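In: this is a predicted model, with the sequence first.
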Amino acid sequence: MSEALITITENVRIAENVYRMALESPELEAQKPGQFVNFRLEGLFLRRPISVYDSAAGQLTVIYKTVGKGTRQMAGMQPGAVLNVLTGLGNGYDLSRAGDKPLLLGGGVGVPPLYLLAKQLIAQGRQVTAVLGFNTRAEVFGEAEFKALGCEVTVTTADGSYGTKGFVTDALPEEYSYFYTCGPEPMLKAVYAKTKTSGQFSFEERMGCGFGACMGCSCKTVTGYKRICREGPVLEKEEILWQI
C-alpha cells in the first residue's frame with residue numbers, strides 16, 4: 001500500500017451514471033488485476049474504494065458508477081484536479097491458474113477489474129472469453145474495449161434491450177478452462193452454482209478503512225473470516241461460504 005497525489009487527466013461519462021477517470025503521477029506504480037484504490041474526497045470522512053480498470057507505471061484508470069455522495073462528487077471533477085489516493089490495495093487475481101481458455105464474467109461495475117486481467121491474460125497467449133452483464137442497453141460499456149484486446153465478447157442485458165437477454169449465467173460458453181468473475185453478490189452466487197470449473201471471485205463490499213483495520217468487510221470462508229479489503233477482494237471458489 002502506498003499513498004500518492006495524482007492528477008486527473010480525463011473524467012468522462014461512458015454510460016448511464018458510469019464514468020471513466022484517468023489519472024497520472026510519477027509516484028504511481030503499476031497495479032495488479034483485481035486490486036483497488038481508495039480516494040480521499042473533500043468533506044467526506046471515509047475514503048471511496050474503486051477497482052482498477054487499467055494501470056501502468058505513472059498511470060491509472062478507474063471506471064465508477066455514481067451511487068452516492070462520494071461518486072457524485074467524483075463525477076463533477078475536472079482534468080487538472082489533484083486527488084489523494086491509496087494504491088496497491090487488496091490481493092488481485094492469480095493468472096497462473098487460468099489455463100488456455102479462461103472465462104471472464106462481469107456484472108455492471110464488476111466489469112472494470114476484468115479489463116486489466118484480460119489484457120494480461122491475452123499478453124500471455126491465452127484465448128479469453130468475456131461475458132459482460134448489464135440491466136439495460138443504457139448501462140452497457142466495455143464491449144468495444146474488450147474486443148480490441150482480442151477477447152471473444154458476449155453482452156447480456158436483463159431486459160433484453162441489447163445483446164443476449166438474461167444474465168451472464170445465461171451466456172456461459174460450452175468450454176472454458178477456468179473462470180474469473182466480479183459483480184454483485186446475487187450474480188456471484190449464480191455463477192458459483194452454474195460454473196463447472198474452479199475460479200476466482202472478486203467481491204464488491206462496502207469498506208470502511210480499505211486496508212484491514214476496521215474489520216467492517218469480513219467474509220466467512222472455510223478457514224475463518226477474511227477481510228475483503230485485505231485478504232480479498234479476490235477469493236477462490238472452494239473457500240467461499242455463502243451467508244444464506
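Out: That came through fine.

In: CA only for contacts and neighbour counts going forward, please
Out: Fine.

In: might one say that Thr164 is in contact with Thr156?
Out: Yes: taking C-alpha atoms under 8 Å as the definition, Thr164 is a contact partner of Thr156 at 4.5 Å.

In: find residues that contact each of these two.
Out: By C-alpha atoms under 8 Å, 6 or more residues apart in numbering, Thr164 and Thr156 have these common neighbours: Ala171.

In: those two: which is more packed in?
Out: Neighbour count, other C-alpha atoms under 10 Å: between Thr164 and Thr156, Thr156 has more, with 26 against 17.

In: tell me the SS of that one?
Out: strand (DSSP: H, G, I helix; E, B strand; the rest coil).

In: for it, list the residues it contacts.
Out: Going by C-alpha under 8 Å, 6+ apart, Thr156 touches 131-134, 162-168, 171.

In: mind giving me the PyMOL select for the residues you listed, buried ones only?
Out: Selecting just the buried residues from those in PyMOL takes one command, with 16 or more other C-alpha atoms under 10 Å as the test:
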select buried, resi 131+132+133+134+162+163+164+165+166+167+168+171
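
In: tell me which of the contacts of Thr156 fall in strands.
Out: Mapping these onto strands (DSSP state E) picks out 131-134, 164-165.

In: any chance of the residues you listed in a markdown table with distance to Tyr53 and pLDDT as columns?
Out: Formatted as a markdown table, those follow (distance: C-alpha to C-alpha, whole Å; pLDDT from 0 to 100):
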| residue | distance to Tyr53 | pLDDT |
| --- | --- | --- |
| Val131 | 16 | 98 |
| Leu132 | 14 | 98 |
| Gly133 | 16 | 98 |
| Phe134 | 17 | 98 |
| Thr164 | 24 | 97 |
| Lys165 | 26 | 98 |
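
In: good, wrapping up.
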